[in-house]
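A.B. asks: I'll drop the sequence and a predicted model, then ask my questions.
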Amino acid sequence: MLNTPWTLHKMIQSLSSILLVSSLCVTARTFHQTTTLDRQALTSRTTPFALLSRVTQQLKHSARVTGTRVHARDNSRAQAHTEGAASHTSRRTTAIGIPVAAAGISLGRSSRADDISNELTNAPFLVEMEVQINENTKQPVVIEIHPEWAPKGVERFKQLIQDGFYDGCRFFRVVDGFVVQFGINEPELNKKYRKSIADDPVKQSNVRGTLTFATSGPNSRTTQLFVNLGDNTFLDKMGFAPIGKVVGDGMGTIDRIYGGYGEGAPRGSGPDQGLIQRRGNDYLQKNFPKLSYISRAAMKSE
């Protein structure tokens with residue numbers, strides 16, 4: 001009879017074999033699909049994170065479908081197969097060099113890399129100016145530039161330095177106890193930077209030794225700057241935003257810059273800024289030969 005213990009035992013064994021073969025076939029099919037996906041991804045230009053996402057999604061989908069099919073037949077085998085698929089996922093992601101845990105760490109490092117990049121962008125840097133005090137004396141002045149003080153102003157100043165704009169520029173306005181001003185070059189070079197930049201919020205005070213862009217009103221900064229010879233804090237409320245400060249013994253050199261011509265025209269007998277713009281150094285050398293000037297200005301590595 002079919003209901004004997006021995007016959008029933010044989011039927012259970014046969015059913016188990018059928019289920020095992022079915023599970024192995026589905027697993028093999030899943031492995032083949034995943035391997036095919038890996039091959040296609042590795043031969044393309046897909047980024048590692050996109051590749052990881054595609055592999056993981058395919059494996060999860062395969063495991064979910066496989067688990068559902070087996071669950072209809074045998075719940076215990078479905079659980080075992082799901083665990084196997086999870087183990088298989090770990091092996092496949094490790095095989096392409098991007099473990100799931102490492103992917104999470106990489107994302108964290110990417111965020112940290114952005115922070116470091118921002119820190120480097122806002123890091124102070126040095127500019128060295130060789131100042132020709134007179135015919136026989138040349139001395140260096142080092143200025144520490146702070147992007148976090150006035151980022152727009154610093155970006156323009158950096159462009160000007162890299163373009164060699166200040167090489168040959170005269171200190172055309174020297175007002176004792178107030179400012180030393182410079183930043184007008186030859187006419188053609190002046191035209192290149194005629195377009196003004198937007199204002200920065202004032203974050204630092206105009207104390208002695210700070211370097212600040214000159215303006216003729218809101219959002220009018222171009223190329224002219226001044227070094228504060230005194231604590232001109234009243235300039236803060238007028239919107240003058242310092243971009244850096246003279247460091248070391250530099251102010252000793254700044255104090256020696258020739259100022260015998262006084263305030264510029266029309267308020268004084270000094271150089272006329274309009275004529276400097278139109279005629280450049282020819283006008284200054286002919287009419288104000290004693291002016292001190294910057295022979296060279298460049299970024300300083302240390």
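C.D. replies: On my side now, so go ahead.
A.B. asks: So which residues of the stretch 151-300 of the chain form helices?
C.D. replies: 151-162, 187-192, 250-254, 273-279, 281-287 (DSSP state H, counting those that start in this stretch).
A.B. asks: Can you say which of those is nearest to residue 209?
C.D. replies: Nearest to residue 209, of all these, is helix 250-254, at 5.3 Å by CB to CB. Where you see a C-beta, it was placed from the backbone N, CA and C, and this is true even at glycine.
A.B. asks: ok so, going back, the helices of the stretch 151-300 of the chain into TSV, with extra columns for mean pLDDT, mean neighbour count and distance to residue 214?
C.D. replies: Listed next are the helices of the stretch 151-300 of the chain as TSV, based on pLDDT from 0 to 100; neighbours: other CB atoms under 10 Å; distance: least, CB to CB, whole Å:
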stretch	mean pLDDT	mean neighbour count	distance to residue 214
helix 151-162	98	19	11
helix 187-192	94	13	14
helix 250-254	97	19	16
helix 273-279	95	16	10
helix 281-287	96	14	17
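A.B. asks: Settle this for me: residue 150 is touching residue 241, isn't it.
C.D. replies: Yes - here residue 150 reaches residue 241: they are 4.3 Å apart, a contact under CB atoms under 8 Å.
A.B. asks: distance of the nearest residue to residue 211 once chain neighbours are set aside from residue 124?
C.D. replies: Leaving out its chain neighbours, the residue that sits closest to residue 211 by CB to CB, 6 or more residues apart in numbering is residue 244, at 4.6 Å. Between residue 244 and residue 124 the computed distance is 8 Å (CB to CB, to the nearest Å).
A.B. asks: Which of those two has more residues huddled nearby?
C.D. replies: Set residue 244 next to residue 124 and count neighbours by other CB atoms under 10 Å: residue 244 wins out with 26 against 14.
A.B. asks: which residues touch stretch 194-209?
C.D. replies: Identification of contacts with stretch 194-209 by CB atoms under 8 Å, 6 or more residues apart in numbering yields 146, 148-153, 155-156, 210, 212, 215, 218-222, 227-233, 235-236, 239-242, 245-246, 250-251, 254.
A.B. asks: out of the residues you listed, which are inside strands?
C.D. replies: 210, 212, 227, 228, 242, 245, 246 (DSSP state E).
A.B. asks: got the contact list for the fourth one?
C.D. replies: Contact analysis of residue 228 by CB under 8 Å, 6+ apart lists 178, 179, 206, 207, 208, 209, 210, 212, 235, 242.
A.B. asks: With the third one instead?
C.D. replies: Residue 227 makes contact with 179, 180, 209, 210, 211, 246, 254, according to CB under 8 Å, 6+ apart.
A.B. asks: pLDDT value on the residue lying closest to it once chain neighbours are set aside, please?
C.D. replies: Nearest non-adjacent residue to residue 227, counting by CB to CB, 6+ apart: residue 180, 4.8 Å away. In this prediction, residue 180 carries a pLDDT score of 98.
A.B. asks: Hmm, residue 170 and residue 180 touching each other?
C.D. replies: No - contact criterion CB under 8 Å: residue 180 and residue 170 do not qualify, at 10.9 Å.
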